[in-house]
Structure formats: C-alpha cells, structure tokens
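# Here's my sequence, what's the structure:
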Amino acid sequence: MRKKERYEKVIGWFQENMPVAETELHYNNPFELLIAVILSAQCTDKRVNMITPPLYHDFPTPEALAATTPEVVFEYIHSVSYPNNKAKHLVGMAQMLVKEFNSEVPDTLEELIKLPGVGRKTANVIQSVVFNKAAMAVDTHVFRVSHRIGLVDDTHTTPFSVEKELMKHIPKKLVSIAHHWLILHGRYTCQARTPKCDNCGLQLMCKYFQEAKIK
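Residues are numbered from 1 along each chain as shown. This next block holds a predicted model:
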C-alpha cells in the first residue's frame, strides 16, 4: 500500500470511528493544562488527574505558584514520576510566566520551550490543545503507533523526525485531532506489550498486523 493511500485510509477510519478525540487531562484554563502536561511526562494522565485538583485550588494563578517553593509543591505531587524535578520545574515555570510573559501562557513554540519543564512535545500539546494550532506532539504512543501502522518507516528514529513526517502527510486542519487519535489508539488498543490487534479496526491498513499475519 502506498503511503498516500495508507494515510487516507487511516485518517478516514479515525474520522468515522473516533470523531471526537481530545486530551484526557483535566484542566480549566491554559495555566492548568500547562501544569498537567508538565506533570504527565512519563506518568499516566489518570495519576495526574488524581493529584491536580488540590494543586489547582491552592495555586490558581502563576503568581501564587511562583510565590511558593519546590518543597511545598512536592507534597502535592510526590506520587508522580520524578516529583523533585517536576516541583522545581513548576515553580520555575510560574516565575518565568510572571516575569517574562505577563502571567499569560505564550502561544509559540519558541516562547513555550523557554519555560522550565517544557520541551518540544509539551509545547506542541499546548499549541494544539489551547491555541488550536497545527502542532503534532510526539509522545511514546504517537511514536509507537505511527511506526506500527506504517505512517512512518524505520528511518524515523527520533520524535522530531516522526513529527516532521506526520506533518508532511496529515492535512493541516486535522493535525490537532490526529495527535489525539494516535495517542488514544496507542493507549487503549495498540498497546506497547500486548496490542489488541483482534479488536482493531485498522487491521487492513496496518503494516504491523499484515507482517505478523504473514509470519
């Protein structure tokens, strides 16, 4: 199957079977989403959603979070992965928002990645979810699913190279939702250790399934 045809079929399937796809992180405003995405690195959304309500309540603004210490924040987030680093990042992020961005979450990649704890993936999530920009955040799910289905080949060995390849072939207006399609498909169907191929509607267009069938 040619790449163009594979993309068209995969996109068509998702449009029909997953017309609504959005982040599973809970948030009420851009600042809260930024906190949640920083916390979600190498951690489940479910865990993040469990711990963020008290954090959001007690530190509702960048000013409030900037005025506290990593040690205080640690007590709220100690059950997530890498809580020491993330506590420092959250306080540093809030302080930079106050000092350099008038307490507003910026909307460009260049500005977002200046913030402590914000890499390209996190910045792309914020651009996509908050500002509805055509930005493709490549996490472990997107990376895995893209390779398995055959949207990218084995020469794309880094998240950035996968991002560029997906952006080349997915229509700009669909990039934002496509990010969630791939994440949710990886989270619930195309899982890392035991992909649920028998229950997957993408079998006919999936490179991984077709190759496994031949073996």
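# Just give the closest residue to residue 111, not the sequence neighbours.
With sequence-adjacent residues excluded and distances taken as CB to CB, 6 or more residues apart in numbering, residue 111 is closest to residue 101, at 7.1 Å. For every residue, glycine as well, the C-beta is placed using N, CA and C.
# correct me, but that neighbour touches residue 107?
No: the pair residue 101 and residue 107 does not pass the contact test of CB atoms under 8 Å, sitting 10.1 Å apart.
# Surely residue 174 touches residue 11?
Yes: Residue 174 lies in contact with residue 11 (CB under 8 Å); the separation is 6.5 Å.
# ok, which stretches of this structure are helices?
Using DSSP state H, the helices of the chain run over 3-17, 30-40, 45-58, 62-66, 70-77, 83-100, 109-112, 120-129, 140-149, 159-169, 175-188, 207-214.
# Need those in a markdown table (columns: mean neighbour count and mean pLDDT).
Below are the helices of the chain laid out as a markdown table (neighbours: other CB atoms under 10 Å; pLDDT from 0 to 100):
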| stretch | mean neighbour count | mean pLDDT |
| --- | --- | --- |
| helix 3-17 | 15 | 96 |
| helix 30-40 | 23 | 97 |
| helix 45-58 | 16 | 97 |
| helix 62-66 | 18 | 98 |
| helix 70-77 | 18 | 98 |
| helix 83-100 | 19 | 98 |
| helix 109-112 | 15 | 97 |
| helix 120-129 | 22 | 96 |
| helix 140-149 | 21 | 96 |
| helix 159-169 | 17 | 97 |
| helix 175-188 | 21 | 95 |
| helix 207-214 | 13 | 83 |
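# Would you format these as TSV with distance to residue 196 included?
Output for the helices of the chain, formatted as TSV (distance: least, CB to CB, whole Å):
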stretch	distance to residue 196
helix 3-17	14
helix 30-40	23
helix 45-58	19
helix 62-66	40
helix 70-77	32
helix 83-100	31
helix 109-112	34
helix 120-129	25
helix 140-149	12
helix 159-169	22
helix 175-188	8
helix 207-214	11
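# Among these, which comes closest to residue 201?
helix 3-17 (5.9 Å; CB to CB).
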